[in-house]
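1. fold the following.
(one chain, ligands or ions: 2)
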Amino acid sequence: MSSHAALPADAATGVPKVRFDRITKCFGKGAEAVQALEPVTLDIAEGAFTCLLGPSGCGKSTLLNILAGFERPTAGEVFMDGQPVQGPDPRRGVVFQQGALFTWMNVRDNVAFGPLATGKSQAEAGRIADRFLEMVGLAGFARRYPYELSGGMQQRVGIARALANDPEILLMDEPFAALDAQTRELLQEEIKRIWHETRKTVLWITHSIDEALFLATDIAVMSARPGRIKATFRPEFARSSDPSVVTSPEFARMKAQIFGLLREEALAAQRQEAA
Ligand SMILES: Nc1ncnc2c1ncn2[C@@H]1O[C@H](COP(=O)(O)OP(=O)(O)OP(=O)(O)O)[C@@H](O)[C@H]1O
Ligand SMILES: [Mg+2]
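-> Residues are numbered from 1 along each chain as shown. Ligands and ions are numbered 1, 2, ... in the order given. Take a look at the predicted model:
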């Protein structure tokens, strides 16, 4: 149980959908201890699409797992709607880097699984599955099994499965990392369309600055381990559904700025690992 009280609801400013409040995380003990996160404080507004960028090993997944409720912070607290996160909750849907589909179920049953588990009838769960498979462009593959799908299609089923539970927040840890560049770009456009349609709050981890700039309303750049928030950005490109936003001078300017920050941190991480 947490000793922290819920944050008071503030009628004037509103409570953020998510608040990481001075989160630290240390794995292990004594000489083996790894300080993964320094105090991280970050607010996520309802409906925001927040991307975390940072060098490998800086604590991005740790932060996401703490919000998912899979990990407990060493100190600090994460709040959703002002309530401390105590463990996994269907209001937070997680999409993993790869598949994590039930191999013995067809695509439709994979997507219908969540709604069925929360008490929907077979017919209703099936309708929900059909709706989200349509949304991710896989209506024609409902009866196939995961092994019959490409990596990108499996990822889309994973996204449909998370959406079918109607979560308030989607947590995605490098969901497109294993995909080729072209598939990735098409899926980014699809994700943007889905986000425009559903207006879910999203926390998204990526190593791609372009992906972050294309999708995010908010970008948090993290430092090398122990991770902290080094800088935040508010790009405007996510609001546009025109894929050519990536060619604008403003996009290039912000990309160069983030690239510089990330390079410094990647070098710091490299020095750390060599030490
Ligand atoms: N369960 C664990 N036990 C021990 N150490 C861990 C554990 N999980 C993460 N770590 C350590 O915490 C640090 C942060 O790991 P994390 O996976 O959050 O990084 P990341 O930013 O997601 O990296 P990547 O970009 O490579 O996925 C790393 O040094 C890692 O070795
Ligand atoms: Mg990670």
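2. the helices in the stretch 51-200 of the chain, which residues?
-> 60-68, 107-117, 122-135, 151-164, 181-198 (DSSP state H, counting those that start in this stretch).
3. ligand 1 is nearest to which of these?
-> Comparing the helices of the stretch 51-200 of the chain by their distance to ligand 1 (Cβ to the nearest ligand atom), the top pick is helix 60-68, with 3.2 Å. In short, each C-beta sits where N, CA and C put it, glycine included.
4. report how many residues lie close to residue 154.
-> The local packing of residue 154 (other Cβ atoms under 10 Å) involves 22 other residues.
5. before we move on, what about residue 250?
-> 12.
6. who in the stretch 51-200 of the chain is up against ligand 1?
-> 54, 56, 57, 58, 59, 60, 61, 62 (Cβ under 6 Å from any ligand atom).
7. so what touches stretch 64-82?
-> With contact meaning Cβ atoms under 8 Å, 6 or more residues apart in numbering, stretch 64-82 is reached by 2, 4, 6-9, 15-26, 37, 39-40, 52, 62, 84-89, 91-92, 94, 168-169, 171, 173, 203, 205.
8. most neighbours out of the residues of the stretch 51-200 of the chain next to ligand 1, which is it?
-> residue 59 (29 neighbours).
9. contact partners for it?
-> Per Cβ under 8 Å, 6+ apart, neighbours of residue 59: 25, 36, 37, 40, 222, 225, 226, 227.
10. low-confidence ranges in this protein?
-> In the predicted model, the chain carries pLDDT under 70 at residues 1-13, 99.
11. mind running it again at 50?
-> 1-11 (pLDDT under 50).
12. which residue ranges make up the domains of it?
-> 1-91+170-275, 96-166 (automatic domain parsing).
13. what's the end-to-end length of the last one?
-> Which is domain 96-166. Taking Cα to Cα, to the nearest Å, domain 96-166 runs 17 Å from one end to the other.
14. what of stretch 44-51?
-> Across stretch 44-51, the terminal residues are separated by 10 Å (Cα to Cα).
15. what does it contact?
-> Outside stretch 44-51, the residues that reach it (Cβ under 8 Å, 6+ apart) are 16-19, 42, 195, 199-206, 211-212, 215-220, 238.
16. relative to the whole chain's centre, how far out is that stretch?
-> 10 Å (Cα atoms, centre = their mean, to the nearest Å).
17. then stretch 213-230?
-> 12 Å.
18. equivalent analysis for stretch 213-232, please.
-> On Cα atoms, centre = their mean, the centre of stretch 213-232 falls 13 Å from the chain's centre.
19. alpha carbons of it, as CSV, please.
-> In CSV, the C-alpha atoms belonging to stretch 213-232 read as follows (Å, rounded to 0.1, in the frame of the first residue of the first chain):
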residue,chain,number,x,y,z
LEU,A,213,7.9,14.3,-34.0
PHE,A,214,5.4,12.8,-36.3
LEU,A,215,3.2,11.3,-33.6
ALA,A,216,3.7,13.2,-30.3
THR,A,217,2.0,16.2,-28.8
ASP,A,218,4.7,16.0,-26.1
ILE,A,219,8.2,14.7,-26.2
ALA,A,220,10.3,14.0,-23.1
VAL,A,221,14.0,13.5,-23.8
MET,A,222,15.7,11.5,-21.0
SER,A,223,19.3,11.7,-19.9
ALA,A,224,21.7,8.8,-19.8
ARG,A,225,21.2,6.5,-16.7
PRO,A,226,20.2,7.3,-14.1
GLY,A,227,17.4,8.6,-16.3
ARG,A,228,15.8,12.0,-15.6
ILE,A,229,13.9,14.3,-17.9
LYS,A,230,16.4,16.4,-19.7
ALA,A,231,14.1,18.5,-21.9
THR,A,232,10.5,18.5,-23.1
